[in-house]
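**Q** Next input, structure requested:
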Amino acid sequence: ASLSDDTLLSYPAMVNPSKILALELFTKHFQILPLVHQTAVMPLIPLKIIQISLAYGMSPRSPIGFAQYGNFLALVRDEFEEGYRY
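**A** Sure, this is the predicted structure:
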(Lines give C-alpha, C1' and ligand atoms only; values in the text may rest on other atoms or scores of the structure.)
Protein backbone atom coordinates (compact mmCIF):
# COMPACT_ATOMS: atom_id res chain seq x y z
CA ALA A 1 0.00 0.00 0.00
CA SER A 2 1.27 3.41 -0.91
CA LEU A 3 1.45 6.04 1.80
CA SER A 4 0.57 9.63 1.03
CA ASP A 5 3.16 12.36 1.27
CA ASP A 6 1.28 13.88 4.21
CA THR A 7 1.32 10.55 6.05
CA LEU A 8 5.06 10.15 5.53
CA LEU A 9 5.73 13.72 6.64
CA SER A 10 3.68 13.27 9.81
CA TYR A 11 5.50 10.15 11.05
CA PRO A 12 6.78 10.45 14.62
CA ALA A 13 10.46 10.74 15.46
CA MET A 14 12.42 7.58 16.08
CA VAL A 15 13.28 7.13 19.77
CA ASN A 16 14.68 3.59 19.90
CA PRO A 17 18.47 4.02 20.30
CA SER A 18 19.30 0.66 18.70
CA LYS A 19 17.23 1.49 15.60
CA ILE A 20 18.82 4.95 15.34
CA LEU A 21 22.25 3.29 15.48
CA ALA A 22 21.17 0.73 12.88
CA LEU A 23 20.23 3.50 10.46
CA GLU A 24 23.54 5.24 11.06
CA LEU A 25 25.38 2.01 10.29
CA PHE A 26 23.28 1.32 7.18
CA THR A 27 23.96 4.79 5.77
CA LYS A 28 27.70 4.49 6.41
CA HIS A 29 27.76 1.01 4.88
CA PHE A 30 25.87 2.30 1.83
CA GLN A 31 28.57 4.90 1.20
CA ILE A 32 31.39 2.36 0.99
CA LEU A 33 29.67 -0.26 -1.18
CA PRO A 34 30.85 1.21 -4.50
CA LEU A 35 34.40 1.38 -3.17
CA VAL A 36 34.45 -2.34 -2.44
CA HIS A 37 32.56 -3.28 -5.63
CA GLN A 38 29.44 -4.51 -3.83
CA THR A 39 26.93 -2.55 -5.90
CA ALA A 40 24.55 -5.52 -6.26
CA VAL A 41 23.33 -5.06 -2.66
CA MET A 42 22.99 -1.28 -2.93
CA PRO A 43 19.19 -1.29 -3.51
CA LEU A 44 18.65 -3.37 -0.36
CA ILE A 45 20.01 -0.82 2.10
CA PRO A 46 17.63 2.03 1.25
CA LEU A 47 14.73 -0.41 1.45
CA LYS A 48 15.85 -1.55 4.91
CA ILE A 49 16.23 2.07 6.04
CA ILE A 50 12.69 2.80 4.86
CA GLN A 51 11.34 -0.36 6.48
CA ILE A 52 12.88 0.52 9.86
CA SER A 53 11.75 4.15 9.56
CA LEU A 54 8.15 3.17 8.87
CA ALA A 55 8.14 0.72 11.78
CA TYR A 56 9.95 2.84 14.40
CA GLY A 57 9.64 6.46 13.27
CA MET A 58 11.80 8.85 11.29
CA SER A 59 15.39 9.65 12.20
CA PRO A 60 17.81 12.18 10.75
CA ARG A 61 19.10 9.31 8.54
CA SER A 62 15.66 8.34 7.17
CA PRO A 63 15.72 10.86 4.29
CA ILE A 64 18.89 9.21 2.97
CA GLY A 65 17.00 5.95 2.48
CA PHE A 66 14.10 7.67 0.74
CA ALA A 67 16.43 9.66 -1.52
CA GLN A 68 18.46 6.60 -2.49
CA TYR A 69 15.27 4.65 -3.16
CA GLY A 70 14.10 7.50 -5.40
CA ASN A 71 17.41 7.35 -7.28
CA PHE A 72 16.98 3.61 -7.75
CA LEU A 73 13.45 4.03 -9.12
CA ALA A 74 14.47 6.78 -11.52
CA LEU A 75 17.84 5.56 -12.72
CA VAL A 76 17.48 1.78 -12.66
CA ARG A 77 13.78 1.17 -13.20
CA ASP A 78 13.06 4.27 -15.34
CA GLU A 79 10.22 5.28 -13.02
CA PHE A 80 11.13 8.95 -12.95
CA GLU A 81 7.88 10.36 -11.60
CA GLU A 82 7.72 7.92 -8.70
CA GLY A 83 11.46 8.31 -8.05
CA TYR A 84 11.12 12.09 -7.96
CA ARG A 85 8.48 11.75 -5.25
CA TYR A 86 11.10 10.44 -2.85
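**Q** Identify the residue spatially nearest to the residue positioned nearest the centre of the chain, adjacent ones excluded.
**A** In the chain, the residue lying closest to the centroid (Cα atoms, centre = their mean) is Gly65, at 1.6 Å. Take Gly65 and drop its neighbours on the chain: the residue closest to it by Cβ to Cβ, 6 or more residues apart in numbering is Ile49, 2.8 Å away. For the C-beta atoms, the positions are set from N, CA and C on the backbone; glycine is no exception.
**Q** Output the below-cut-off pLDDT ranges for this protein.
**A** Along the chain, the model assigns pLDDT under 70 to residues 1.
**Q** The same query, at a cut-off of 90, please.
**A** The model of the chain has pLDDT under 90 over residues 1-5, 8-9, 29-43, 69-86.
**Q** which one's the longest helix in it?
**A** Across the chain, the longest stretch assigned as helix under DSSP state H is helix 17-32.
**Q** okay, how far is it across stretch 50-65, tip to tip?
**A** Chord length of stretch 50-65, first to last residue, is 6 Å (Cα to Cα, to the nearest Å).
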